[in-house]
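Asker: output the structure for:
(one chain, ligands or ions: 1)
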Amino acid sequence: MSTTSGATGPVVRAGGDFQEPPRTPGGVALCGACRERGTCRLGVERERLDEDGVARFALTCPRDQEGGPDVAHGGWTAAVLDDCLGHLPLLHRVLSVTAELTVSFVKPVPVGRPLEVSARVERREGSRWYITGEMVLLPTRAVLARASGIWVTRDQGHFARHADWLAEQDER
Ligand SMILES: CCCCCCCC(=O)SCCNC(=O)CCNC(=O)[C@H](O)C(C)(C)COP(=O)(O)OP(=O)(O)OC[C@H]1O[C@@H](n2cnc3c(N)ncnc32)[C@H](O)[C@@H]1OP(=O)(O)O
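Answerer: Next up, the predicted model:
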């Protein structure tokens with residue numbers, strides 16, 4: 001894990017340890033803000049890469065992500081699809097960042113109900129991974145949302161270069 005000094009102490013750069021990110025007992029790779037609490041604040045509970053190449057995620061929309069009555073805020077749906085689809089390269093020990101993401105909101109997503117997200121690689125071109133996925137309601141598997149996007153592979157210096165770029169911005 002890479003760290004640097006910050007105003008409030010060492011700053012952990014999520015992604016600096018991309019080959020072995022901290023994971024929950026359910027196998028969920030933890031991003032920066034979730035590492036201290038040890039759970040995914042978006043409500044992803046389990047993650048695995050199956051032999052068919054599809055990554056499957058068990059999740060529940062937390063109550064504090066409610067938008068309309070008893071249904072998820074659309075930003076939660078987009079965020080968790082971004083998270084799950086972006087974990088697929090990580091399950092292959094490759095760090096990537098989202099370059100593009102398209103979300104179709106098919107049905108309102110109920111809060112507090114078991115859901116599954118699946119993600120698959122459609123193709124790879126150069127450093128680009130074209131990934132699609134969907135969110136279904138369990139146990140019926142009714143489709144609630146679909147997503148597709150492009151993830152671009154990065155080396156370990158990605159976040160350090162960004163910190164340098166931001167420091168240059170601050171000097172202007
Ligand atoms: C568990 C912990 C893991 C933590 C993981 C964290 C993951 C994230 O932070 S995702 C956050 C949201 N996404 C981001 O912050 C990304 C912000 N954007 C960027 O950093 C850059 O624009 C980035 C990397 C996508 C492209 O940078 P750029 O300098 O253009 O790269 P460049 O080398 O020119 O292009 C690289 C490739 O990307 C492609 N590309 C760039 N932008 C796009 C785009 N918008 N759409 C499609 N392809 C694109 C280029 O065509 C090129 O493809 P190839 O190498 O196959 O020819």
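Asker: going forward, measure contacts between C-alpha atoms and count neighbours the same way
Answerer: Will do.
Asker: helices of the protein, start to end?
Answerer: For the chain, helices defined by DSSP state H occupy the ranges 74-91, 158-171.
Asker: from Leu30, how far off is Asp83?
Answerer: According to Cα to Cα, to the nearest Å, Asp83 stands 10 Å off from Leu30.
Asker: who's more crowded, those two?
Answerer: Taking other Cα atoms under 10 Å, Asp83 and Leu30 do not tie; Leu30 has more neighbours (23 against 17).
Asker: ramachandran coordinates for that one?
Answerer: phi -100, psi 130 (degrees, to the nearest 10).
Asker: that one against Arg37, yeah?
Answerer: No. Between Leu30 and Arg37 there is no contact under Cα atoms under 8 Å: 9.6 Å.
Asker: now the common contact residues for the two.
Answerer: Overlap of the contact sets of Leu30 and Arg37 (by Cα atoms under 8 Å, 6 or more residues apart in numbering) is empty.
Asker: need the residues of the protein near the ligand, please.
Answerer: Residues of the chain found near the ligand (Cα under 6 Å from any ligand atom) are 14-15, 18, 21, 29-31, 97-100, 125-128, 150, 152.
Asker: which of the residues you listed fall within strands?
Answerer: Members of the residues of the chain next to the ligand lying in strands (criterion: DSSP state E): Val97, Thr98, Ala99, Glu100, Glu125, Arg128, Ile150, Val152.
Asker: can I get the residues you listed in a markdown table with pLDDT?
Answerer: Shown next, in a markdown table, are those (pLDDT from 0 to 100):
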| residue | pLDDT |
| --- | --- |
| Val97 | 96 |
| Thr98 | 98 |
| Ala99 | 98 |
| Glu100 | 98 |
| Glu125 | 98 |
| Arg128 | 98 |
| Ile150 | 98 |
| Val152 | 98 |
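Asker: which one of those residues has the most neighbours?
Answerer: Within those, most neighbours by other Cα under 10 Å means Ile150, with 23 neighbours.
Asker: contact partners for that one?
Answerer: Thr98, Ala99, Glu100, Leu101, Arg128, Trp129, Tyr130, Ile131.
Asker: for the closest residue to the fifth one other than its chain neighbours, give its distance to Thr132.
Answerer: In other words, Arg128. Of all residues not flanking Arg128 in the chain, Val152 sits nearest, at 4.7 Å (Cα to Cα, 6 or more residues apart in numbering). When distance is defined by Cα to Cα, Val152 is 14 Å away from Thr132.
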